[in-house]
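Trainee: Following is a predicted model, sequence given first.
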Amino acid sequence: MSNSRTVIVLMLALLLAGGAVLAAARWMGGQTPPAGQKLVLATSEIAPGVKISASMLRVMDWPAGALPPGAVSDLAALEGRITRSAISIGEPILESKLAPPGATGGLSSIVADGKRAMTVRVNDVVGVAGFALPGNYVDILVSTQDDRAKEAGAAAPAISKIVLERILLLAVAQESSRDDSKPKVVNAVTLELTPAQVETLDLARSVGSLSLVLRNQIDPAPANTDGATKDTMLGLKTPPPRAVAPPVRTAVRAVARPAPPRDSVTVIKGMDSVVQQF
């Protein structure tokens, strides 16, 4: 009797142990990482506006749950595509950094949708001494005359005002690639602008002299300035407007006019004559 009980207990123990092993195996199977996917990476620095070739890329395995949005996994699909922005070594190739399929390259392929590219002439000072590079953001400053003073009859004072802020610099001279090794003094820069900003910049260029102001890449705050004049630069108080004296009215003195002549008759009585007027 005791032997049969022992056998039963052993069988139950074996069944429980087998169930525990199966449960553990299933749990371990659920914890294995998912199958990896392919991801295309850059093997060299790729500048904006460049046509991609297979020699610039390589394919590697990447965890499926960690793929960045817009990542490209097909190497053949990237052949001949144009880069819209710079891509660093080892950086995944993303659709957001590529021009639409069919783009032929050049500066027009890196201009964002709804934007325009406009080139303005600069000198070594206006161009921030060559430190403004493609990919930087700049503010546009114009120095001109404040014509509002002409309405009061005074001479138009000089004024300096920021007219455009956080403008993307697409290219310096004829180069859209970025080289941080040293500043480069150029005579023209190409900016990315909205159509309204293009009109503002074209007008500013015609009424005054332009300057570029290099700004922090991650600073989106607007300046909201009133502009600088000679008085504000020197800390002088703006004089109150001159009171214009009212025009002097000259009093007109009435001049007595002679009465118009009346009809008269001369009456002669003997040696006397009398004039009768009517």
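Mentor: Cool, the structure landed.
Trainee: so where do the helices sit in this protein?
Mentor: Taking DSSP state H, the helices of the chain run over residues 2-30, 195-207, 230-234.
Trainee: Now mean neighbour count, distance to P100 and mean pLDDT too, for those helices, in a markdown table please.
Mentor: For the C-beta atoms, the positions are set from N, CA and C on the backbone; glycine is no exception. Converted to a markdown table, the helices of the chain look like this (neighbours: other Cβ atoms under 10 Å; distance: least, Cβ to Cβ, whole Å; pLDDT from 0 to 100):
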| stretch | mean neighbour count | distance to P100 | mean pLDDT |
| --- | --- | --- | --- |
| helix 2-30 | 9 | 42 | 75 |
| helix 195-207 | 14 | 20 | 93 |
| helix 230-234 | 11 | 48 | 84 |
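Trainee: so can I have CSV of these showing distance to D146?
Mentor: Listed next are the helices of the chain as CSV, based on distance: least, Cβ to Cβ, whole Å:
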stretch, distance to D146
helix 2-30, 74
helix 195-207, 11
helix 230-234, 10
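Trainee: I87: how many residues sit nearby?
Mentor: 24 (other Cβ atoms under 10 Å).
Trainee: State the pLDDT value of the nearest residue to it once chain neighbours are set aside.
Mentor: Closest residue to I87 apart from its sequence neighbours, by Cβ to Cβ, 6 or more residues apart in numbering: I46 at 4.2 Å. On the pLDDT scale, I46 is placed at 88.
Trainee: do the same with the one 10 residues further on
Mentor: Looking at M56, its pLDDT stands at 91.
Trainee: just checking, it touches L41?
Mentor: No - in this structure M56 lies outside contact range of L41 using Cβ atoms under 8 Å: 9.9 Å.
Trainee: ok, back up a step: out of the helices of the chain, flag the one nearest A155.
Mentor: Among those, helix 230-234 comes nearest to A155, with 11.3 Å by Cβ to Cβ.
Trainee: can you pull the alpha-carbon coordinates of the closest one into CSV?
Mentor: These are the backbone C-alpha positions of helix 230-234, laid out as CSV (Å, rounded to 0.1, in the frame of the first residue of the first chain):
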residue,chain,number,x,y,z
LYS,A,230,21.1,108.0,-33.6
ASP,A,231,19.2,109.2,-30.5
THR,A,232,18.7,105.7,-29.1
MET,A,233,22.3,104.8,-29.9
LEU,A,234,23.7,107.8,-27.9
